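>>> Model the following, please.
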Amino acid sequence: MSSQLHFDGSDLLRCRFAVSPLWETQAAVRVLARPEQQGYHLPWLRRIRDAAAGLELGPLWLLMPDGGHCPDFFSPPPVGPLASFEEEIAAVRAVAPELVRQDIATSLRGRPGALGSPAGQALLADPVRSLRELADLLERAWEVLVAPHWPRLRALLEADVAYHSRRLAAVGFERLLGELSPRLSWSGSTLTISDTKSLHSRVLGGQGLVLMPSVFVWPATVGGFEDPWLPAVVYPARGIGGLWTEPGASTPEALARLLGRARADVLCALDEPAGTSALAHRLGLAPSSVSEHLSVLRAAGLLTSRRYGHQVLYERTPLGIALAVPE
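Here you go, the predicted structure:
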């Protein structure tokens, strides 16, 4: 099966990227329900195992049927490129009760027996209470599962956006889609998302499209969102294979002897563009120390930098790549 999104000329002018901590939170909850499907995230699963054991995620999992509809109100596409979790969860808490009830009913229909179960009927009986309790669970999941790792996750997601924004300028929208995911294809004025678990079709009608990289969505590519939510496509972010790599694990010893261990670790950690704070968090170094190393590496011609939003992102030059990734 596949999903299709139908564009007109104005939609192409309103396509944009966004990063959503709320999406990553509900996706992380889904990963916990099916950990065997997520080999890339085994180090994260080990780290959060004890803390996650204290979470009662049953009501959220009930609304996440395998291959079925997950409520859109769990993580509506953000209206801005870099929304905070606090902003996003506040928007969830403001969703109209009737929309909540409809979304819950659609999800329950996707799990055999769930719609008529006591738990399902309780969710439907009082959508105001259900929204409050589900939002509370999402907020607790954020605090336990995602927030401690958010600097690392955000750095990867923002690096993906920076990279694909450059690719959009270089190759255009049609070719970019195939680079975001092999499940995306373009024909005429229609974007098709293949290998989905359900059929979906939506005319964008001038709203454009939000493109959202995700750490936890792999290997799927998710599209859709019904009115009144903005249309969106969520695709796997680049670089998740090395996301949980321990600091220094990939640093060649010869490079460490040449540059010094800390400076070489900074250079080798830049598999994707990143900012000072994200690198400091990833490497366990003081931001001031990382800033000094970045300045020296940039002056030596091993790094280049550019501003993206609120921060400066650093990436390796061809010479820096040759040193950090020797043949």
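
>>> Tell me where the model's unsure across the chain.
36-38, 197-198, 246-249, 309, 326-327 (pLDDT under 70).

>>> Longest helix in it, please.
Longest helix in the chain by number of residues (criterion: DSSP state H): helix 150-171.

>>> the helices in the stretch 151-300 of the chain, which residues?
173-180, 253-259, 261-269, 276-283, 287-299 (DSSP state H, counting those that start in this stretch).

>>> just the ones you listed: most buried one?
helix 261-269 (a mean of 22; mean count of other CB atoms under 10 Å). C-beta here means a position set from N, CA and C on the backbone, and glycine is covered the same way.

>>> Need the residues that contact it.
Identification of contacts with helix 261-269 by CB atoms under 8 Å, 6 or more residues apart in numbering yields 247-248, 250-252, 255-256, 258-259, 279, 282-283, 285, 289-290, 293-294, 296-297, 302-303, 316, 320, 323-324.

>>> Show me which positions of the longest helix of the chain end up buried.
For helix 150-171, burial by neighbour count (16 or more other CB atoms under 10 Å) applies to 150-164, 168.

>>> what's the distance between residue 312 and residue 129?
Applying CB to CB, to the nearest Å, the value for residue 312 to residue 129 is 45 Å.

>>> Residue 172 too?
For residue 172 relative to residue 129 (CB to CB), the value is 48 Å.

>>> same check, this time on residue 40
36 Å.

>>> Compare these two and say which is more crowded by neighbours.
residue 40 (18 against 12; other CB atoms under 10 Å).

>>> Around the closest residue to that one other than its chain neighbours, count how many other residues there are.
Nearest non-adjacent residue to residue 40, counting by CB to CB, 6 or more residues apart in numbering: residue 240, 5.2 Å away. Neighbourhood size, residue 240 [other CB under 10 Å]: 20.

>>> wait, residue 240 sits on residue 217?
No. Counting by CB atoms under 8 Å, residue 240 does not reach residue 217; the two are 9.7 Å apart.

>>> OK, contacts around residue 48?
144-145.

>>> For the helix or strand hosting it, output the C-alpha coordinates as CSV.
Here residue 48 sits within helix 42-52, counting by DSSP states H and E. C-alpha atoms of helix 42-52 as CSV (Å, rounded to 0.1, in the frame of the first residue of the first chain):
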residue,chain,number,x,y,z
LEU,A,42,20.3,-0.8,21.4
PRO,A,43,22.8,1.4,23.3
TRP,A,44,20.0,3.9,24.1
LEU,A,45,17.7,1.1,25.2
ARG,A,46,20.3,-0.2,27.6
ARG,A,47,20.9,3.3,29.0
ILE,A,48,17.2,4.0,29.7
ARG,A,49,16.1,0.5,30.7
ASP,A,50,15.9,1.2,34.5
ALA,A,51,14.3,4.6,34.2
ALA,A,52,11.8,3.4,31.6
